[in-house]
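Participant: Dropping the sequence and predicted coords here.
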Amino acid sequence: MNTNKLEFKKIGSAMEPYNNIKSGELMTILNAKITETAFAVVFLDDRVLIGTLENNNFHFFDNQTVEPKYIQRIRVFDMNREFHAWRSRGCLKGRLRIDNDKDDDVDVVVAKQVLFGTKDKARSDGFTEIWEDRGTRLILPFSNLTVDKQGNRIFILTHNYIDYNTAGQATYTDCRFVSFADSKKKLK
């Protein structure tokens, strides 16, 4: 994988909107729409959790749980789809985006967003903590990651969707998390 290089490509992509998701409906939607093991990034009122959604359950470090009423934003994603929701006026709204290689009707910029972390420590629960001296710490659902200042870093691979206005000006209209990656490959 190229480090810090943008790639332009055309893909097939469909988006399904969701409005006024009640807290009890979130897991029902996720379990119906995300059927494979997926990554989960959950922005709560007091912290960010990064883990997986497997067998209809979230798995985070230290067996932490998510109460829907505290979710500010949630992204559950795999290589082909992402359910992204955010708090708006007391409930969640969001969208499901599904990409495919069969069509080529959407312009996308593929990017690798580097995560803070040049030091690492494997945890006994199968997660790895990464951090930098400036204080940012992330706990990721991978065992034995290696990060350093010499180019071994962790990234989030993203698809950034482009649309054009009537004057032909391009703008980003959506961003989807696709996968975590290191300097060489996508992580599973």
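Facilitator: Ah, there it is.
Participant: contacts and neighbour counts: CA atoms only from here.
Facilitator: Noted.
Participant: And for the longest strand along the chain, what's in contact with it?
Facilitator: Looking across the chain with DSSP state E, the single longest strand is strand 7-21. The contact list for strand 7-21 (Cα atoms under 8 Å, 6 or more residues apart in numbering) reads 91-111.
Participant: One more pass at 6 Å, please.
Facilitator: Applying Cα atoms under 6 Å, 6 or more residues apart in numbering, the contact partners of strand 7-21 are 91-101, 103-110.
Participant: Just the buried residues of those.
Facilitator: Buried by 16 or more other Cα atoms under 10 Å: 91-99, 107-110, out of these.
Participant: Quick one: these as a markdown table, columns for pLDDT too.
Facilitator: Listed next are the buried ones among the contacts of strand 7-21 as a markdown table, based on pLDDT from 0 to 100:
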| residue | pLDDT |
| --- | --- |
| Cys91 | 87 |
| Leu92 | 93 |
| Lys93 | 96 |
| Gly94 | 95 |
| Arg95 | 97 |
| Leu96 | 97 |
| Arg97 | 97 |
| Ile98 | 96 |
| Asp99 | 96 |
| Asp107 | 95 |
| Val108 | 96 |
| Val109 | 96 |
| Val110 | 95 |
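Participant: Restricted to strands, list these.
Facilitator: Using DSSP E, the buried ones among the contacts of strand 7-21 in strands are 91-99, 107-110.
Participant: wait, which of the residues you listed is closest to Glu54?
Facilitator: For those, the residue nearest Glu54 by Cα to Cα is Leu96; the value is 17.8 Å.
Participant: Report the contact partners of the closest residue to the closest one other than its chain neighbours.
Facilitator: Leaving aside its sequence neighbours, Leu96 sits nearest to Phe83 (Cα to Cα, 6 or more residues apart in numbering; 4.4 Å). Phe83 is in contact with 75-76, 95-96, counting by Cα under 6 Å, 6+ apart.
Participant: and with 10 Å instead?
Facilitator: Contacts of Phe83 were listed using Cα atoms under 10 Å, 6 or more residues apart in numbering, and they are 15-18, 29-30, 33-34, 40, 74-77, 94-98, 176-177.
Participant: Which of the residues in stretch 83-92 are classified as buried?
Facilitator: 83-87, 91-92.
Participant: domain ranges for the chain?
Facilitator: For the chain, automatic domain parsing gives the domain ranges 14-99, 104-181.
Participant: Let's see the distance spanning the longest one from one end to the other.
Facilitator: Taking Cα to Cα, to the nearest Å as the measure, domain 14-99 stretches 7 Å from start to finish.
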